[in-house]
Each structure stands twice: as structure tokens, then as C-alpha cells.
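Participant: Here is a sequence together with a model predicted from it:
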Amino acid sequence: MSGKPAIDLKFYLKLFWTTFTLSLFTFGGGFVIVSLMRKKMVDQYGWINDEEMMDFITIAQSSPGPIAVNASLMVGYHLAGIPGALISTLGTILPPMIILTFVSIGYQAVAENTWIKAAFHGMRAVVAAIVLQVTWALFKSLAEKKNILPLVLFAAAFVALFVFKVNIMVVMVAMILLSVVLSIHETKKENMS
Amino acid sequence: MNLLLQLFLSFFQIGLFSIGGGYAAMPLIQAQTVEIHKWLTPLEFADLVTIAEMTPGPIAINSATFVGMRVAGISGVLVATFGNVLPSVIIMLIFAKLYERYSGQTLMKHVLEGVRPTVVAAIFTAGLSLLNLAVGSISALDLFALAVFVAAFLFANSKKITLSPITLLLFGALGGIGWEALGF
């Protein structure tokens, strides 16, 4: 199902609209928007696959700037080069720009509005559900290769992040170093046999 | 120095030096907007963090817009936001190009494969803390939120029904408003 779509005006509009709506409904940090992006672009549109999505998140997370902006830039570039990257970036930054412009004028009224609070009450639970469902889908794509190593790395990373609250950058750098060592080791073994 | 140029440079620095998302950007935003330039009081900064939590979008973009608007109106918004994303745009375009070229190479492939489990673990961790925030603790369980969570998870996981995440969120918002309207 995965494949790059035809690049025409209609596609650019769809890319803009997709990133705009994803950004508009994303509350609470970078990992929420990447979960919604996966749901939309992997599941619904089939524009990219799970491996590519995880790579984009890795690169977005380890680069300067907001993860949401970085990740949509990567996806946009992957699908349609520099114009795609610029369009998805614009789509991602416009909603917070527009909303914050109004909120900065009269935020007290917004923050204390009962109905806005009530809507958030429901949306928070949905966001948690989407993020955990995406975790489940990504976990399945790690597990389906019948290789124990990714599962061990997952468990180690989870314990480090969740139990010991290690900074994610530290965990990522450690995993990169470990992968380089394992890769060199494996190449040597292949050359010997 | 020209105020707009100062806004641009401050938010350019925030964009350039915040690696690893919103919580990494927070202290940089505080240093630039409160301590160095005194565009915000410490109390206004605390308000800004609250607003950023309950409005969509990255905290750095939210801050750039909020501060830009207060300091110099719409032109401040545009300059601060543009300054904030410019480092991302430049650096990510380079990385994206490198990725498209080298992701097939063996060492690069192994490194990316080695980091993928960490990405999944990080998303899982974020999801668990969101769940905790949404439904509360075991002693003070929010049953409405738990029901919404379970329903949304089942819909999101269903192979037969592909609902857009936006649709799911809208249902959640309507559910919350309905629950409030019923007087719970």
C-alpha cells in the first residue's frame, strides 16, 4: 500500500491540509503529533511505511527545533522535495501562530471557559488512546521480524526512559554507539566466513 | 538594536539550540524572554507555559507568537516565528537529503534499526504519562475519561474502520462537552 503519490497541485493542497489539521489538533508535545502523523500518513494514506516513520522521528528528535516541525519537514521532503518540505512546515506552524495570536490578546477568558475545559477533558483521553495505539502498531512492526535484538533494545530503552527517567538524547546516543559496534562486529563476522 | 531584529535573533537561537523537543526549549525561552530581554515577567512566562500546554503546536512556536504579538504586534509574530523555524528548515533539509541518499547503506541502516526500538519506547513513555494525565490515578479514577480512552483505542486499532485521528479527537471533544452539559 506504501508508495509516493503523484505530485500535482491537488497533492500539495492535500499535504498542506493534512499537516495543518494535524497541527491544529495536537496538544501536549512532539510525540503526540508524530503519533497522529503515523496514523494519517502510514495507515490512512499509505504515503510512507513504519520504518521510514520511525527513522524520521529519530532524525527529528535528534535535530534542533520542535519535533513536530522537523518530522513534518522530513515527510514533506521525502514525498515532494523542497516544495513539499516548505508546504508541510507552513502547514504545521500556521495553526499555533493563528491561535496564539488571538489567545495572547485575551487568554484569561479562554483558559477559564467551562466548555473549552470540557472539550479538553474528552480530547485528552483520545490523545492518550491514539499515542498508545500507535505504540502498539510500531511495536508489532518491530516484533514481526522474528529477531530478538529489537525487543531487547526496546525493553532496555523503556526501562531507562520510564523507570530511571534518563534523558532521551542520552538513550539515543547510547543506542547509536551500540548499533555501530554491533554493525562492525557483524561485518567482521561476515568477512571471516 | 532594532526590536524586530532582536526578536528574530532571540528566537533563531532558541530554535538552533533546543535539541530534543519542547522541554529542552523551555529553559532557553525563559532565558531569552524573561532574563535577557525582559519581554515577559516571570509570572507571564508561567502563564505562557500553561497556554502552550492547552493550545496546539510546539511550545517554541507558541512562545514566538505570544512574545512577538506582545512586543511588536503582527510583524513581531511573523519575525519571531520565522526566526524560530529557520534553523530547523536549514538543518532538516540537509538531513533529509542525507537520509534519502544514505539510508540504504549498511552502517546507516544498522544505526537506524538500532534506534527504532528507542523511538517506540519513547512514544510508549509519552503515551503512559498522557494516559495518567487523562484518567487520573487508581484511587481517583475518571471513569468518563477511561471509557473515552478505551473506545478511542478500539476504534484506532480497528482494521475495518479507518477513522482519521482528527475525527476521533472531535468525537472526544463532543463527548466531553456532552458530559459537561449533562451536569456530571
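Facilitator: Thanks, I have the structure now. Numbering: from 1, shown residues only, chains lettered A, B, ... in the order given.
Participant: separation between the spatially most central residue of chain A and residue B:9?
Facilitator: Residue closest to the mean C-alpha point of chain A, counted by C-alpha atoms, centre = their mean, is residue A:34 at 2.2 Å. According to C-beta to C-beta, to the nearest Å, residue A:34 and residue B:9 sit 29 Å apart. C-betas here are computed from N, CA, C, even on glycine.
Participant: shaky segments in chain A?
Facilitator: Along chain A, the parts satisfying pLDDT under 70 run over A:1-3, A:28-29, A:107-108, A:110-111, A:193.
Participant: hey, where'd the helices end up in it?
Facilitator: Applying DSSP state H to chain A gives helices spanning A:9-24, A:30-38, A:50-61, A:67-103, A:107-111, A:114-143, A:148-158, A:168-192.
Participant: Just name the most buried of the ones you listed.
Facilitator: Comparing those by mean neighbour count (mean count of other C-beta atoms under 10 Å in any protein chain shown), helix A:30-38 comes out on top with a mean of 27.
Participant: now it against helix A:50-61, angle please.
Facilitator: With axes from the mean of the first three to the mean of the last three C-alpha atoms, to 10 degrees defining the directions, helix A:30-38 sits at 150 degrees from helix A:50-61.
Participant: What would helix A:30-38 look like as CSV? C-alpha coordinates only.
Facilitator: Provided in CSV are the C-alpha atoms of helix A:30-38 (Å, rounded to 0.1, in the frame of the first residue of the first chain):
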residue,chain,number,x,y,z
GLY,A,30,6.1,16.3,19.9
PHE,A,31,5.3,12.6,20.4
VAL,A,32,1.6,13.3,20.1
ILE,A,33,1.9,14.8,16.7
VAL,A,34,4.2,12.1,15.4
SER,A,35,1.6,9.5,16.6
LEU,A,36,-1.1,11.3,14.7
MET,A,37,1.1,11.6,11.7
ARG,A,38,1.8,7.9,11.6
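Participant: helices or strands up against whichever helix in chain B runs longest?
Facilitator: In terms of residue count, the longest helix belonging to chain B (DSSP H) is helix B:59-102. If you count contacts as 3 or more C-beta pairs under 8 Å, 6 or more residues apart in numbering or on different chains; DSSP states H and E, helix B:59-102 packs onto helix A:50-61, helix A:67-103, helix B:3-17, helix B:22-30, helix B:42-54.
Participant: Residue B:25 versus the residue nearest the centre of chain B, what's the distance?
Facilitator: Centre of chain B computed as the mean C-alpha position; nearest residue by C-alpha atoms, centre = their mean is residue B:58, 3.4 Å away. Noted for residue B:58: a distance of 8 Å to residue B:25, by C-beta to C-beta.
Participant: can you check residue B:99 too?
Facilitator: 23 Å.
Participant: So between the two, which is more surrounded?
Facilitator: The neighbour comparison of residue B:99 against residue B:25 (other C-beta atoms under 10 Å in any protein chain shown) goes to residue B:25, with 25 against 20.
Participant: ok, the more buried one touching residue B:11?
Facilitator: No: here residue B:25 does not reach residue B:11: they are 10.3 Å apart, not a contact under C-beta atoms under 8 Å.
Participant: Quick check: neighbours shared by these two?
Facilitator: residue B:60 (C-beta atoms under 8 Å, 6 or more residues apart in numbering or on different chains).
Participant: Which positions in the helix or strand that comes right after the longest helix of chain B come out as buried?
Facilitator: Beyond helix B:59-102 in the direction of the C-terminus, DSSP states H and E gives the next helix or strand as helix B:106-135. Buried residues in helix B:106-135, counted by 16 or more other C-beta atoms under 10 Å in any protein chain shown: B:108-128, B:130-131, B:134-135.
Participant: among these, which are in reach of chain A?
Facilitator: The residues of the buried residues of helix B:106-135 that also fall near chain A, by C-beta under 8 Å from any C-beta of the partner chain, are B:110-128, B:130-131, B:134-135.
Participant: where does chain B have low pLDDT?
Facilitator: Along chain B, segments meeting pLDDT under 70 span B:1, B:20-24, B:53, B:184.
Participant: Which residue ranges make up the domains of it?
Facilitator: As given by automatic domain parsing, the domain ranges for chain B are B:3-102, B:106-181.
Participant: before we move on, what about chain A?
Facilitator: Taken from automatic domain parsing, chain A resolves into A:9-144, A:146-193.
Participant: In CSV, list those domains along with distance to residue B:171.
Facilitator: Formatted as CSV, those follow (distance: least, C-beta to C-beta, whole Å):
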stretch, distance to residue B:171
domain A:9-144, 7
domain A:146-193, 29
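Participant: Tell me which of those approaches residue B:48 most closely.
Facilitator: Of all the domains of chain A, domain A:9-144 sits nearest to residue B:48, with 8.9 Å by C-beta to C-beta.
Participant: how about the helix or strand where residue B:170 lies: buried residues?
Facilitator: Residue B:170 belongs to helix B:165-181 when assigned by DSSP H and E. Residues of helix B:165-181 classed as buried: B:165-166, B:168-173, B:175-177, B:179-180 (neighbour count, 16+ other C-beta under 10 Å).
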